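In: task: produce atomic coordinates for the following.
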Amino acid sequence: MSKSVHFQARGRTVVGCTLLVIALGASVTACFGGDDPLSATPYDAAGQISFNGPTDAGKKADPDTPLEVVAEGADGRITDVTAMDATGRYVAGELSADGARWHSTSPLAANASYTVRVSTEDGDGAPGRKVLTFETGKPSGKKALGVVFGPKAGAYGVGQPITAELSRPIRDTAQRATVERALKVDSTPAVEGAWHWVDDKKLHYRPREYWPAHATVQVHSNLDGIKIGDRMWGGRAEPLKITTDDRVVAVTDAAAHTLTVFQDGQEIKQLPVTTGKPGFETRNGVKVVLGKEPFVRMRSATVGIAEGSSESYDLPVYWATRVTWSGEYVHAAPWSVGSQGMANVSHGCVGMSTANAEWFFDTVQEGDLVEVVNSGGETMEPFGNGFGDWNLDWTKWRTGSALTGGSGNAAGNQDTARLRPTAV
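Out: Purely as a prediction, here's the structure:
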């Protein structure tokens with residue numbers, strides 16, 4: 001049952017049909033008026049505050065539920081809301097531009113007493129004001145922070161980063177540090193490494209240099225049962241184990257039109273290639289193999305090139321090794337064999353003969369490294385378009401840690417991959 005009281009505007013009852021609802025829980029579905037705060041008689045005139053919280057003695061509000069003040073009706077608006085607990089701590093909030101709604105943006109404390117002051121005005125500009133008090137109890141339940149590690153268990157190249165996806169955003173630096181301390185990465189042989197906050201819910205872990213060849217990497221969380229913040233506790237997470245194979249690095253020299261494959265530091269093959277032509281230059285920098293697709297239908301329209309234009313294409317592509325989410329591959333390009341080793345004529349991908357592309361496809365795996373040098377293109381993004389993690393030097397990488405860098409997210413949130421013309 002709702003509890004309601006009238007507020008007065010300059011000694012008179014406001015008649016502008018404004019309903020203010022202060023909610024701690026489900027939305028109010030009905031309002032009640034009259035002098036009796038427990039009256040069940042419908043009251044359609046405005047100037048009413050309803051508290052959709054406990055009305056029985058001894059019951060308290062759930063601190064996990066945000067505080068909300070809503071003005072319903074065309075003839076009135078909220079002008080200001082302040083909420084403060086008995087110790088003087090204010091609850092941060094936001095008021096909509098039209099004055100129709102105010103909601104808290106910071107959490108309520110458990111077992112606290114709050115005073116809420118609401119200022120309003122009716123359609124004629126006459127002010128109204130009402131003060132409401134309530135108490136919070138214990139939270140109805142703990143908020144669990146889940147963690148999912150990536151990639152999937154298995155064997156990878158030495159460039160594969162470890163990822164951690166959180167079930168809730170963590171913005172506070174101290175809370176980030178708590179999370180980071182509990183996310184453990186152990187490798188045999190041991191290497192120096194660090195987490196980097198990509199955004200509020202995602203972390204990447206990499207060593208200072210590439211993983212050692214034939215290493216075992218084990219990841220686990222010690223967050224279970226650890227308090228992270230107000231009513232937020234760590235939950236259980238499935239551990240992860242991956243291994244690395246040989247150190248395979250493919251270096252594409254866009255100026256020399258060659259791709260040279262190194263295995264454990266030894267050159268094993270050099271292939272003639274073509275890379276992005278002017279206006280479609282291949283990205284410089286280190287990229288990590290994301291996957292392999294024996295056949296891909298590549299259409300220019302999917303990357304913003306108008307159909308029928310001089311740059312449009314729609315081609316079957318074989319032996320495609322993906323290195324960015326936006327469509328950059330190393331793949332077979334039999335149509336450009338005459339230019340391979342001599343000129344750059346592609347739309348951003350690294351093209352080679354069908355036989356060479358099949359050999360490359362069979363040689364590399366996820367986590368192997370493809371580095372492009374001497375291209376006129378921009379440098380591969382650190383995040384958001386694949387794994388560009390290795391394009392940050394170690395000092396910059398560590399600034400993204402809440403433990404060594406202070407705030408995390410130093411490289412910026414780059415979740416949205418920039419689509420650009422690639423392929424063929």
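In: alpha carbons only for contacts and neighbour counts from here, please
Out: Fine.
In: what strand or helix carries the nearest residue to residue 260 once chain neighbours are set aside?
Out: Using Cα to Cα, 6 or more residues apart in numbering and skipping the chain neighbours, the partner closest in space to residue 260 is residue 270 (4.2 Å). Residue 270 is part of strand 266-272, with elements assigned from DSSP states H and E.
In: now residue 306
Out: Residue 306 is part of no helix or strand, with elements assigned from DSSP H and E.
In: could I get the pLDDT score of it?
Out: Turning to residue 306, the model gives it a pLDDT of 73.
In: can I assume it is in contact with residue 313?
Out: No. Taking Cα atoms under 8 Å as the definition, residue 306 is not a contact partner of residue 313, at 9.4 Å.
In: who touches both of the two?
Out: Shared contacts of residue 306 and residue 313, defined by Cα atoms under 8 Å, 6 or more residues apart in numbering, are found at residue 300.
In: between those two, which one's more packed in?
Out: Between residue 306 and residue 313, counting by other Cα atoms under 10 Å, residue 313 is the more crowded of the two (18 against 13).
In: quick one: that one and residue 297 touch, right?
Out: No. Using Cα under 8 Å, residue 313 is not in contact with residue 297, being 10.2 Å away.
In: returning to that earlier point: packing partners for the strand holding residue 270?
Out: Packed against strand 266-272, as judged by 3 or more Cα pairs under 8 Å, 6 or more residues apart in numbering; DSSP states H and E, are the following elements: strand 258-263.
In: what sits up against the strand it packs on?
Out: With Cα under 8 Å, 6+ apart as the criterion, strand 258-263 contacts 246-253, 267-274, 341.
In: of those, select the buried ones using a ChimeraX command.
Out: Restricted to buried positions by 16 or more other Cα atoms under 10 Å, the ChimeraX selection for the contacts of strand 258-263 reads:
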select :246,247,248,249,250,251,252,253,271,272,273,274,341
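In: can you get me a residue count around the residue lying closest to residue 104 once chain neighbours are set aside?
Out: Spatial nearest neighbour of residue 104, chain neighbours left out: residue 93 (4.0 Å); criterion: Cα to Cα, 6+ apart. Using other Cα under 10 Å, residue 93 has 17 other residues around it.
In: can you name the residues that contact residue 93?
Out: Applying Cα under 8 Å, 6+ apart, the residues contacting residue 93 are 102-106.
In: who wins on neighbours among these?
Out: residue 102 leads the contacts of residue 93 on contacts (other Cα under 10 Å) with 24 neighbours.
In: for that residue, name its beta-bridge partners.
Out: Beta bridges link residue 102 to residue 69, residue 95 when assigned by DSSP bridges.
In: how near is residue 246 to residue 270?
Out: With distances taken as Cα to Cα, to the nearest Å, residue 246 is found 18 Å from residue 270.
In: what residues are up against the residue nearest to residue 262 when sequence neighbours are not counted?
Out: If the residues on either side of it in the chain are set aside, residue 262 comes closest to residue 249, at 5.2 Å by Cα to Cα, 6+ apart. Going by Cα under 8 Å, 6+ apart, residue 249 touches 261-263, 368-371.
In: out of those residues, what pair is the most spread apart?
Out: 263 and 371 (13.8 Å; Cα to Cα).
In: neighbour-wise, which of those two wins?
Out: residue 371 (18 against 14).
In: doesn't residue 284 make contact with that one?
Out: Yes. Under the criterion of Cα under 8 Å, residue 371 makes contact with residue 284 at 7.2 Å.
In: quick one, strands of the stretch 201-350 of the chain?
Out: For the stretch 201-350 of the chain, the strands defined by DSSP state E, counting those that start in this stretch cover 202-207, 216-221, 227-229, 232-234, 240-244, 248-253, 258-263, 266-272, 285-288, 291-299, 314-322, 329-332, 350-352.
In: give me the contact list for the fourth one.
Out: Looking back up the chat, that one is strand 232-234. Residues contacting strand 232-234 (Cα under 8 Å, 6+ apart): 142-146, 223-228.
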